[in-house]
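Chemist: okay, here's the prediction I keep looking at, along with the sequence it came from:
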Amino acid sequence: MCGIVGYIGSRQADKLIIKGLERLEYRGYDSAGIAIINDGLSIFKKAGKVKALRKLVANADTSGTVGIGHTRWATHGEPNDINAHPHTGNSGRLALVHNGIIENYGVLKSALIAEGHTFDSETDTEVLVHLIEQIQKDGNLALEEAVRLALTRVEGAYAIAVIDRDNPSVLVGARKASPLVVGIGEGEYFIGSDASPFLDSTKRVVYLDDNQIATVSLENGLQIRNTANEEQPPFIQELDLQIEALEKEGYEHFMLKEIYEQPKTIFDAMRGRISSKESRVTLRGLEEYANRFVRANRIIIVACGTSYHSGLIGEYLIEDLARIPVEVEYASEFRYRNPILSERDIVIALSQSGETADTMAALELAKSKGALIYGIVNSVGSSIARLTDAGSYIHAGPEIGVASTKAFTGQVTVLTLLALSLARKLSTISNTYFQTLVRELELIPAMVEEILQENDHIKYIAKEVKDHRNALYLGRGYNYPVALEGALKLKEISYVHAEGYPAAEMKHGPIALIDENMPVYVTATNPSAYDKIVSNVQEVVARKGRVIAIVNKGEQAIAKIADHVIEIPSTEEPLTPLLSVIPLQLLSYHIAVELGRNVDQPRNLAKSVTVE
Ligand code: M6R
């Protein structure tokens with residue numbers, strides 16, 4: 001959560017840093033701040049979004065070519081000006097920004113108070129900068145060495161950037177369990193929580209590993225050591241990312257842009273991996289470990305939020321097609337419940353950001369027990385991508401809207417490829433069915449395109465239902481996880497209470513909620529459960545619930561009794577989630593816009609959850 005930017009070079013730092021913070025706002029937007037070295041150390045910080053910071057510095061002297069910045073998702077201390085980063089020590093010499101949680105900050109703070117330190121904020125971060133300051137003063141040390149020694153005393157997770165007024169030629173960054181990347185430009189260096197802040201200046205990057213400390217200076221370039229003081233040769237990568245991917249390109253919101261990108265992103269997730277002509281599905285990451293997969297006792301999928309929902313679809317797909325037992329677990333539960341794991345298990349992590357703290361911890365646990373760990377990740381070079389034994393990127397490009405959309409369909413696409421590939425290896429489905437699924441899968445991008453043309457109709461429905469404060473989402477089989485995802489999309493961006501249920505579960509409790517004020521979104525596109533869903537819809541209608549149904553083109557029975565119907569193309573049942581989720585994404589988007597919500601940056605949320 002929290003975004004970090006740092007710059008050292010010959011250009012004016014504040015402009016680059018503030019623009020960078022705007023690109024990182026998806027990580028948190030409770031407050032923002034910058035520290036610039038000029039004659040002294042100037043710090044500007046403000047509760048609220050980066051635009052409040054922009055206003056604050058508009059008439060201030062922010063000249064200087066070295067600086068750091070931060071956009072915050074509050075953990076310790078409420079989101080106000082004082083708790084905003086950067087923080088500084090008592091001497092005012094150092095400024096530090098931090099993403100993560102210093103878990104032993106209480107003990108450290110007491111020790112520092114005993115040495116005469118006084119604190120202004122309620123943050124754990126302020127303790128860290130005081131600790132570095134004290135160590136630097138005691139040993140008369142260079143900034144990087146003081147940072148290193150301080151970090152050996154810290155427990156928890158951090159990505160930090162630090163500057164020193166008395167040594168303006170150096171910028172120091174370090175990471176442990178929170179991402180940090182160094183950008184190498186022409187006569188300038190950047191630090192970022194990801195590469196987006198500096199992508200228009202350089203694509204040459206070094207992703208730091210845990211316990212690494214990067215020191216950049218214009219004289220000596222980039223040097224990396226670990227907290228054990230060993231030199232670490234930097235591994236420079238060239239990113240294949242276009243700046244346009246970070247812009248709205250004419251859309252009102254990133255979420256809408258990302259919904260509309262799905263025909264392309266689903267195609268990109270399949271590109272080179274599938275061919276109906278050759279009757280082939282190939283996932284390179286899987287091929288390397290094919291024997292382990294084929295002999296696996298079971299597959300366990302760990303994930304959070306939307307990624308957990310795509311994991312549930314993965315369970316249906318892999319069990320249905322490849323007949324390997326699958327369990328899906330919230331990473332946050334899995335990591336703490338002493339799970340039974342062996343070398344015959346495969347743990348698949350699903351993550352858009354590749355930085356979710358709970359998912360990473362679940363993977364580390366699985367690795368320690370000898371399970372093979374496989375990542376299905378969007379962010380290239382992210383921590384999860386680097387931690388796993390093997391994996392497949394979904395190639396959806398940067399997802400900036402906090403509500404995940406294209407990453408969900410990208411994950412489901414890759415899970416479908418995985419299930420098909422395993423089914424082929426294990427001969428659990430016929431060649432004819434394999435071929436049918438592959439052919440249909442190739443048609444999915446065009447079908448998504450067709451659904452997007454229903455946007456105006458969906459917008460109209462959104463206007464009709466926007467004032468209801470509750471909603472139920474129902475689906476069966478493959479569409480049950482889609483119902484969960486629809487409910488999550490609505491609540492996170494419109495703040496409307498919504499719950500997803502398997503349609504048949506409704507009569508075991510939720511039916512008591514149904515009256516004329518309860519919109520019920522029913523996804524009824526799976527032929528195998530069709531008659532049963534028609535009965536469930538009848539039950540809702542009998543209690544005066546308002547039914548918004550997603551059905552296959554030409555469907556009659558539900559269309560006759562529902563208040564609103566959205567027709568989508570029909571496809572093979574295992575592929576239905578890739579289509580049925582699209583109208584639910586659009587409905588949530590339009591309802592949130594109608595309610596005047598901040599769609600891309602909903603309250604209390606952050607795109608990447610790098611704390612527990
Ligand atoms: O980056 P990840 O996929 O690991 O993130 C998991 C969840 O935090 C994420 O899906 C979250 O639920 C989204 N806001 C949902 O739209």
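Modeler: It's in.

Chemist: number of nearby residues for the residue in the stretch 301-450 of the chain positioned nearest to the ligand?
Modeler: Using CB to the nearest ligand atom, the closest approach of the stretch 301-450 of the chain to the ligand is made by Gly305 at 1.9 Å. No exception for glycine: its C-beta is placed from N, CA and C like everyone else's. Neighbourhood size, Gly305 [other CB atoms under 10 Å]: 23.

Chemist: who are the contact partners of it?
Modeler: Gly305 sits next to Ser404, Leu488, Val609 when contact means CB atoms under 8 Å, 6 or more residues apart in numbering.

Chemist: for burial, what's the neighbour tally of the residue nearest to the second one when sequence neighbours are not counted?
Modeler: Setting aside the residues directly before and after it, Leu488 is nearest to Thr306 in space (CB to CB, 6 or more residues apart in numbering), at 6.3 Å. A count of neighbours around Thr306, defined by other CB under 10 Å, yields 22.

Chemist: what sits against Thr306?
Modeler: Residues near Thr306 by CB under 8 Å, 6+ apart: Gln352, Ala403, Ser404, Ala407, Phe408, Glu485, Leu488.

Chemist: quick check: it vs Asn220, distance?
Modeler: 43 Å (CB to CB, to the nearest Å).

Chemist: swap in Pro79?
Modeler: Using CB to CB, Pro79 is found at 38 Å from Asn220.

Chemist: the two - which one has more neighbours?
Modeler: Between Pro79 and Asn220, Pro79 has the larger neighbour count (other CB under 10 Å), namely 15 against 10.

Chemist: wasn't that one part of a strand?
Modeler: No: using DSSP: H, G, I helix; E, B strand; the rest coil, the assignment for Pro79 is coil, not a strand.

Chemist: my guess is Asn198 meets Phe190, correct?
Modeler: Small correction: residue 198 is Phe, not Asn. Yes: between Phe198 and Phe190 there is a contact under CB atoms under 8 Å: 3.9 Å.

Chemist: include secondary structure and neighbour count when you put the contacts of Gly305 into TSV, please.
Modeler: Shown next, in TSV, are these (DSSP: H, G, I helix; E, B strand; the rest coil; neighbours: other CB atoms under 10 Å):
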residue	secondary structure	neighbour count
Ser404	coil	28
Leu488	helix	23
Val609	coil	20
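
Chemist: what ranges do the strands span in the stretch 1-150 of the chain?
Modeler: Secondary structure of the stretch 1-150 of the chain by DSSP state E, counting those that start in this stretch: the strands cover 3-8, 31-37, 41-47, 66-72, 87-88, 94-102.

Chemist: okay, these in CSV with mean pLDDT, mean neighbour count and distance to Asn167 next?
Modeler: Listed next are the strands of the stretch 1-150 of the chain as CSV, based on pLDDT from 0 to 100; neighbours: other CB atoms under 10 Å; distance: least, CB to CB, whole Å:
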stretch, mean pLDDT, mean neighbour count, distance to Asn167
strand 3-8, 97, 31, 11
strand 31-37, 96, 28, 9
strand 41-47, 95, 20, 11
strand 66-72, 96, 31, 10
strand 87-88, 97, 24, 15
strand 94-102, 94, 27, 10
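
Chemist: any idea how far Val482 is from the closest residue to Asn90 other than its chain neighbours?
Modeler: Leaving aside its sequence neighbours, Asn90 sits nearest to His117 (CB to CB, 6+ apart; 5.7 Å). Using CB to CB, we find His117 at a distance of 53 Å from Val482.

Chemist: among the two, which residue is more densely surrounded?
Modeler: Between His117 and Val482, Val482 has the larger neighbour count (other CB under 10 Å), namely 32 against 18.

Chemist: which residues touch that one?
Modeler: Contacts for Val482 (CB under 8 Å, 6+ apart) come out as His309, Ile313, Gly475, Thr523, Thr576, Pro577, Ser580, Val581, Leu584.

Chemist: closest one of those to the ligand?
Modeler: If you rank these by distance to the ligand using CB to the nearest ligand atom, His309 comes first, at 8.1 Å.

Chemist: ok, back up a step: show the pLDDT at the residue nearest to Asn90.
Modeler: Reported pLDDT at His117 in the predicted model: 96.

Chemist: wait, it touches Ile132, no?
Modeler: No: the pair His117 / Ile132 is not scored as a contact, 11.7 Å apart, by CB under 8 Å.

Chemist: hey, what's in contact with both of the two?
Modeler: Common neighbours of His117 and Ile132 are listed as Gly89 (criterion: CB under 8 Å, 6+ apart).

Chemist: what residues go with each domain of the protein?
Modeler: Following automatic domain parsing, one finds the domains of the chain at 3-245, 248-446, 454-601.

Chemist: what's the pLDDT at the residue of the stretch 51-200 of the chain found nearest the ligand?
Modeler: Closest residue of the stretch 51-200 of the chain to the ligand, CB to the nearest ligand atom: Pro179 (11.4 Å). Here the pLDDT value assigned to Pro179 is 90.

Chemist: before we move on, what SS does Ala161 have?
Modeler: strand.

Chemist: the nearest residue to it once chain neighbours are set aside: what's it in contact with?
Modeler: Leaving aside its sequence neighbours, Ala161 sits nearest to Gly6 (CB to CB, 6+ apart; 4.0 Å). Residues near Gly6 by CB under 8 Å, 6+ apart: 17, 67-69, 97, 161, 163, 171, 173, 189-192.

Chemist: Asp240 too?
Modeler: With the criterion set at CB under 8 Å, 6+ apart, Asp240 makes contact with Lys203, Val380.

Chemist: any idea how far it lies from the ligand?
Modeler: Noted for Asp240: a distance of 20 Å to the ligand, by CB to the nearest ligand atom, to the nearest Å.

Chemist: same question, Pro569
Modeler: 25 Å.

Chemist: separation between the residue nearest to Glu219 when sequence neighbours are not counted and Gly183?
Modeler: Nearest non-adjacent residue to Glu219, counting by CB to CB, 6+ apart: Ser169, 6.5 Å away. Distance of Ser169 to Gly183, computed by CB to CB: 18 Å.

Chemist: please list which of the contacts of Gly305 also come close to the ligand.
Modeler: Among those, proximity to the ligand is found for Ser404, Leu488, Val609 (CB under 6 Å from any ligand atom).

Chemist: pretty sure the last one sits against Ala357.
Modeler: Looking back up the chat, that one is Val609. Yes: using CB under 8 Å, Val609 is in contact with Ala357, at 6.4 Å.

Chemist: host element of the closest residue to Leu575 other than its chain neighbours?
Modeler: In space, Leu575 comes closest to Glu440 once its chain neighbours are excluded; the distance is 5.7 Å by CB to CB, 6+ apart. Element membership for Glu440 (DSSP states H and E) is helix 431-452.

Chemist: from the contact counts, what lies against that helix?
Modeler: Judged by 3 or more CB pairs under 8 Å, 6 or more residues apart in numbering; DSSP states H and E, helix 431-452 is in contact with helix 262-270, strand 274-275, helix 406-426, strand 564-568, helix 576-594.

Chemist: can you say which of the ones you listed is nearest to Ala47?
Modeler: helix 576-594 (23.6 Å; CB to CB).

Chemist: can you list the residues of this structure near the ligand?
Modeler: Residues of the chain lying near the ligand (CB under 6 Å from any ligand atom): 304-307, 351-353, 356, 359, 402-404, 488, 492, 608-609.

Chemist: tell me which element the residue positioned nearest the centre of the chain falls in.
Modeler: The chain has Ser353 as the residue nearest its centroid, 3.7 Å off, counting by CA atoms, centre = their mean. Secondary structure assignment for Ser353, by DSSP H and E: no helix or strand.

Chemist: burial of the closest residue to Ser63 other than its chain neighbours, as a residue count?
Modeler: Closest residue in space to Ser63, ignoring its immediate chain neighbours: Asn38 at 5.4 Å, by CB to CB, 6+ apart. Around Asn38 there are 17 other residues, counting by other CB under 10 Å.

Chemist: residue contacts, Asn38?
Modeler: Counting by CB under 8 Å, 6+ apart, the residues that Asn38 touches are Asp61, Thr62, Ser63, Gly64.

Chemist: wait, the second one touches Ile37, no?
Modeler: The one in question is Thr62. No: Thr62 lies out of contact with Ile37 (CB under 8 Å); the separation is 10.9 Å.
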